[in-house]
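Visitor: need a structure here:
(chains A, B and C)
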Amino acid sequence: MLFVELVVQGLVYGCMYAMMAVGLTLVYGLLRILHIAHAGVFALGAYMTVTVANATGSLALGFLVATVVSAIAGIAIYRLAYQPILHHAAFVPMVVSIGLFIVMQEAFRLIFGAYGIAFDKNPWYVAHVNLVGINLTYVEIAMVIMSVVLLVGFGLFAGLTRAGIGWRATVTDPHMATSFGVDPVRVRYVNFLFGSALAGIAGGLVGLLNNYVEPTMGGAVSYKALAIVVLGGLGSVRGTLIASLVLGVVEAFGAIYLANIFDRDAIGFLFLIVVLMVRPQGLLGRG
Amino acid sequence: MSAYIASLVSVIGINLILALSLNIITGFCGQVSLGHAAFYGLGAYMAAYLAKLGAPLPVTLLAGTAMAGAIGIVVGLTSLRVRHDFLAVTTMGIGFVLLGFVRKQKWLGGELGISGIPGPGLDAVSYALLIVAFAAAVLAFSLWIKQSWMGFTFDAVADDEDAARTVGVNVSTYKLVAFGIGTALAGTAGGLYIYFARIILPDTFDFVQSIAILTMVVIGGTGSVWGVFASTVVLTLLPEVSRAAADYRLLIFGAMLMLVMRFSPGGLAGLLRKPA
Amino acid sequence: MKKSVIAATLAAALLFAGSASAQIKIGFHAPQSGPAAADGKSSTIGAEIARDWINEKGGVLGQKIELVIYDDQNKPDQAVPIANKLIGQDKAVAAVSGSYSAPTRAAAAVFQQVHIPYVSAYGVHPDITKEGNWAFRGVQLGPPQGKGAAKFIADKFGKVKVAMVTMNNDFGQSIAEGFKEEAPKLGLTIVKEYTFGLGERQFGPIVASVKADNPDVVYAIGYYFVGGPLVAQLRAGGLKQPIIGAQAFDSMKLMEIAKDAAEGVYIVGGMDRGRKTPADFQPYLAEFKKRAGYDAEAVSANCYSSVMLVADAIKRAGSTDPAKIREALAATKDFPMLTGPLHYFNSVGEIYSPLEVTQVKNGAFVGVTVVDDPSILAPPK
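Guide: From the prediction side, this is the model:
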């Protein structure tokens, strides 16, 4: 029974990770940037959700604002921070990203206070359903449903729509796509828009899940999501999804059975290193 | 020299060794490492463990250096397997794994770390001068590597690994050498640190510290010894002069990191070179 | 050019430190930026209230008190220069740490060397006071706190099965050690100990496993910001057993985060907010709220009391000579700390003070009992 419950808990974690990591993968697939500031966008989404929800009493409005603001922030980050330095060595944008992430974290602390903010009303927080002996809170269920809907939606977009096909073509071969009339710059904007909106929503959901939004909440996610993206094979969306779920489950078991040897962060990375030594290109990466 | 100045000089010296040692791996040889603080920690833990057993300073320093260098070469092996961004995340992961392991080891004090480390047997000023001597040696060593044949080979590996291989450079060996030297020197810094702080906790050697070391390197100008020297001194003294603006210190730090890289990817060194 | 930059920076650093006056200077350091800034802010406000109230009443020995405050970023390599600066440049006669264990322990060695009395307001690392007789601690050590919790659980619930959930840091580990030592002696059974990192807010696997263990009570050692989500998730997971938290649960944020789920949680080492003693307790709560905009927690109260304690020692010493201040501190008897009476310091500067146990009732911390058993709480030497 405990075994099943740990798997379920791990998958819930996995969904949370997936919503974060997909945005990172999209950026990496297209631009080869390790976009660490993505975790700042995640925290921004959480702050937007909690402040708007607490001010207006409407959680839906909170999420709407969070989605829009995060998407705009993502585009702004691309345009102002990354675009001018794309031609430099890969670590240059990465370091810019680290700097930006520090700035965002400190800005949250200065604007919203060093202490975190809890939701005034969080009706789904403790309320739960019992599925065959396993308690899941409504927020956890919402997290799972939301991630499935958004990611399936993205899959359909990429597979079926004209814009989506253009996007996939650009990721596979930017030059070829351009010669077929796809505007690569627009694809990049769509990329940041979608990935950042997803991170913002994930931030709001994690805020609800913890019922606490704090300046440093992006920290843990930032390196965890990087590990997932690498584990999945940099740039592979499908690999990232699988890696998210696998890492979630590995951590859930590790937190119980390996806790006397390693802490949870170490377990995830140990798993990553072992996989990379066997498959240097990640789970589903192309060599 | 007052005790206050001596302690500042000590911190600068330790940071210099850290930044210059990472510069050998990342700057000279082009292998981005996000886990340098772990080797700093390895050296510190090794040295502290021996110091508590009564070993004298030269022994602990040497053991710390050897320990960090040995593990560093093992980690260097991963750089043969994975490249570029994969390597960056792998080294970051190695930092988390080493730290996560140490946290759980009762014999290393676990979360309480190791404290009650005996003094170096020197007064604060003499010890600061000893640290400075080490830092100067590392600086001279870096300058020497840079213009040596090894330095040129590092350069070739950093520029284009495959091209270097084609012209007959044993890329694997040179990567391992860079990792070995760089991490061993980080271990030396760790050994010097324990007599200064007299306590070590796992958190001192975390990911944030790795980023701090990397920052000193990239702001100075990756690969530029004098650039890294200047940025390390300035960044270390920054908190001292910005005490009044304590609230905004990290914000300024992040903004600086972002702006320097955004407008001068070559760091301070690149800024000076630009007009030429 | 580089040299002139360095020279200018050094000169500026010296200049900042150079402004002297005839006041009695007490050094204070706390983390004011970065991840630990929240506690640092609260500690600083607590210390400043103490300074202001002392000065409003005419200061000490006819002189005003000046707090020289520095940001240590929770780093030992910042704390050592700060300690040296407080000693050499600022000429502080005593110092208080409003910081965590690592910077406090590093600074303690410096103060010990030059013989300046130093009080750690809430750092729980056992070795802070071990450097020598110039360091004191204004809070119970980790192990006595853990032993006190074992005593409370045994008294209240009998010989029960306990599941421990411990935070991975010096605070968690040192309290857990005391608990694990005392619990078997009192007939408690520890079914399992789970650990988690400071950054963790999701405890699904731990909750699931605790449920499978089916303990009688859960003893959780962590800060309020992990305690809040943990308590809520234990309740959401269907656990109805009593939850006992450690001192750092003591923040109104606990209830803000966990909401109704926080009801009934016990805190060993908490502060009964309805208490009328000491006389400055209620005024302090009001003043802190006014200055900070949020409610005071134990951390800030410890810093307030530690500054008050140092001022009191200077008064009793009748001198600003550090050696005399140290003697007066060591001789402290029944000083009214906000967190409870400080009965005495033992030979190594550890506090003996009873532990208050509170419980969350209707969203407030209410006193339940006081653990005051010298055989359990006596600080280790």
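Visitor: what about A:Gly181, how many residues close to it?
Guide: Using other CB atoms under 10 Å in any protein chain shown, A:Gly181 has 7 other residues around it. Quick note: C-beta positions are derived from backbone N, CA and C, even for glycine.
Visitor: now A:Asn54
Guide: Using other CB under 10 Å, the number of residues around A:Asn54 comes to 16.
Visitor: Surely it is within a helix?
Guide: Yes. Applying DSSP: H, G, I helix; E, B strand; the rest coil, one finds A:Asn54 inside a helix.
Visitor: Verify the contact between it and A:Leu61 for me.
Guide: No. Contact criterion CB atoms under 8 Å: A:Asn54 and A:Leu61 do not qualify, at 11.0 Å.
Visitor: Check which residues of stretch A:166-185 are buried.
Guide: Neighbour-count burial for stretch A:166-185, counted by 16 or more other CB atoms under 10 Å in any protein chain shown, picks out A:Gly166, A:Trp167, A:Arg168, A:Ala169, A:Thr170, A:Val171, A:Ala177, A:Val182.
Visitor: And that stretch, how far out from the chain middle?
Guide: In terms of CA atoms, centre = their mean, to the nearest Å, the centre of stretch A:166-185 is set 25 Å apart from its chain centre.
Visitor: Could you check that stretch against chain B for contacts?
Guide: No. Applying CB under 8 Å from any CB of the partner chain, one finds stretch A:166-185 separated from chain B by no less than 16.0 Å.
Visitor: Quick check: mean pLDDT of that stretch?
Guide: Averaging pLDDT along stretch A:166-185 gives 79.
Visitor: got a list of contacts for that stretch?
Guide: Contacts made with stretch A:166-185 from outside it, assessed by CB atoms under 8 Å, 6 or more residues apart in numbering or on different chains, are listed as A:Gly29, A:Leu30, A:Ala158, A:Val187, A:Val190, A:Asn191, A:Gly235.
Visitor: mind checking the end-to-end distance for that stretch?
Guide: 12 Å (CA to CA, to the nearest Å).
Visitor: Check whether A:Tyr13 really touches C:Gln202, as I assumed.
Guide: Yes. With contact defined as CB under 8 Å, A:Tyr13 counts as touching C:Gln202 (6.6 Å).
Visitor: low-confidence ranges in the chain?
Guide: No chain specified, so I'll use chain A. For chain A, the stretches with pLDDT under 70 are A:286-287.
Visitor: Oops, wrong one, chain C.
Guide: In chain C (pLDDT under 70), the answer is C:1-22.
Visitor: interface residues of it facing chain A?
Guide: Contact residues, chain C versus chain A (CB under 8 Å from any CB): C:33, C:35, C:37-38, C:40-41, C:168, C:194-197, C:199-202, C:204-206, C:208-209, C:211-212, C:225, C:228-229, C:232-233, C:235-238, C:253, C:256-261, C:294.
Visitor: quick one: the strands in the stretch 201-350 of chain C?
Guide: C:217-221, C:243-245, C:266-268, C:333-337, C:340-345 (DSSP state E, counting those that start in this stretch).
Visitor: what's the closest of the ones you listed to A:Pro123?
Guide: For A:Pro123, the closest of the strands of the stretch 201-350 of chain C is strand C:243-245, at 22.1 Å, according to CB to CB.
Visitor: Within its sheet, name the partner strands of the closest one and how each one runs.
Guide: Strand pairing for strand C:243-245, using DSSP bridges, gives strand C:217-221 (parallel), strand C:266-268 (parallel).
Visitor: highest average neighbour count across these?
Guide: Here the criterion is mean neighbour count by mean count of other CB atoms under 10 Å in any protein chain shown, and of these the winner is strand C:266-268, at a mean of 27.
Visitor: OK, now which residue of chain B is nearest to chain A?
Guide: Nearest to chain A, among the residues of chain B, is B:Gly100, at 2.3 Å (CB to the nearest CB).
Visitor: Okay, and that residue sits in which element?
Guide: helix B:84-103 (DSSP states H and E).
Visitor: any idea which helix or strand comes after that helix?
Guide: Next in line after helix B:84-103, if elements are assigned by DSSP H and E, sits strand B:114-115.
Visitor: Can you show me the helices along the chain?
Guide: Went with chain A since none was named. A:2-31, A:38-56, A:59-76, A:91-112, A:138-160, A:162-172, A:174-179, A:184-210, A:217-232, A:237-257, A:264-278 (DSSP state H).
Visitor: actually chain B
Guide: Counting by DSSP H, chain B has helices at residues B:3-22, B:36-52, B:57-81, B:84-103, B:124-147, B:149-159, B:161-166, B:171-197, B:207-220, B:225-241, B:249-263, B:267-273.
Visitor: And chain A, is the first one touching that?
Guide: Yep, that's helix B:3-22 we're talking about. No. Between helix B:3-22 and chain A, judged by CB under 8 Å from any CB, nothing touches; the nearest distance is 12.1 Å.
Visitor: Kindly export that helix (C-alpha atoms) in CSV.
Guide: C-alpha atoms of helix B:3-22 as CSV (Å, rounded to 0.1, in the frame of the first residue of the first chain):
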residue,chain,number,x,y,z
ALA,B,3,43.0,42.3,12.8
TYR,B,4,40.1,43.6,10.7
ILE,B,5,42.3,44.3,7.6
ALA,B,6,44.0,40.9,8.2
SER,B,7,40.7,39.1,8.1
LEU,B,8,39.7,40.9,5.0
VAL,B,9,43.0,40.1,3.3
SER,B,10,42.5,36.4,4.4
VAL,B,11,39.1,36.3,2.7
ILE,B,12,40.4,37.9,-0.4
GLY,B,13,43.3,35.5,-0.6
ILE,B,14,41.1,32.4,-0.2
ASN,B,15,38.6,33.8,-2.8
LEU,B,16,41.5,34.5,-5.2
ILE,B,17,42.7,30.9,-5.0
LEU,B,18,39.2,29.7,-5.6
ALA,B,19,38.5,32.0,-8.5
LEU,B,20,42.0,31.4,-10.1
SER,B,21,41.6,27.6,-9.7
LEU,B,22,38.2,27.6,-11.4
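Visitor: now the angle between helix B:225-241 and it, please.
Guide: Calculated by axes from the mean of the first three to the mean of the last three CA atoms, to 10 degrees, helix B:3-22 forms an angle of 140 degrees with helix B:225-241.
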